[in-house]
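Trainee: Got a predicted structure here, sequence first:
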Amino acid sequence: MSDYVIQKNPFIVPTTDGKLIEEFFGNASISLGDYSIAHMIAPSGWSEPFQNPAFDEITYVVSGRKKFEIDHAEVIEEIILEKNQSVCIKRGSKVRYSNPFDEPVEYISICIPAFTLERAGREEG
């Protein structure tokens, strides 16, 4: 038994919105611990519905910009991250992610505990 795991072939999560999701560690790839780490590229115009995740999500932007909308009791706060910036959205926050900009956004996402659709708590639409 080894004391480490090298991941050379991340799991490509199927999407219908043009977003590339390469999960290196997590429930879809190698179930190792209760966290997930993924590399993502979201095209211009991409967005997701509001969600109330049951995990902390750390986002680090590699290139481009990513918009976060955090709903504080019906008051929406907007955060825009740029290259080499990061944020931790705490579990239980109502948040929407998008890329309304002209260029794709490339970023790394770490979720603790690991991302699952059930834990994402996405709203309909």
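Mentor: All right, it came through fine.
Trainee: Beta-bridge partners for the residue positioned nearest the centre of the chain, please?
Mentor: Compute the mean C-alpha point of the chain, and by C-alpha atoms, centre = their mean the closest residue is Ser109, 4.7 Å away. Under the criterion DSSP bridges, Ser109 forms beta bridges with Ala38, Thr59.
Trainee: ok, it - contacts?
Mentor: If a contact means C-beta atoms under 8 Å, 6 or more residues apart in numbering, then Ser109 has 36-38, 40, 57-59, 115 as its contacts. For every residue, glycine as well, the C-beta is placed using N, CA and C.
Trainee: for Trp46, same thing?
Mentor: Residues in contact with Trp46 (C-beta under 8 Å, 6+ apart) are 17-19, 98-99.
Trainee: which stretches of this protein form strands?
Mentor: 11-12, 20-25, 36-42, 46-47, 56-63, 65-72, 75-82, 86-89, 94-99, 105-112 (DSSP state E).
Trainee: Go through the lowest-mean-pLDDT helix or strand in the chain and flag the buried ones.
Mentor: With mean pLDDT, DSSP states H and E as the measure, the helix or strand of the chain carrying the lowest mean pLDDT is helix 117-120 (a mean of 77). Within helix 117-120, the residues scored as buried using 16 or more other C-beta atoms under 10 Å are 119-120.
Trainee: do the same with stretch 59-75
Mentor: Of the residues in stretch 59-75, those with enough neighbours to count as buried (16+ other C-beta under 10 Å) are 59, 61, 64-68, 70.
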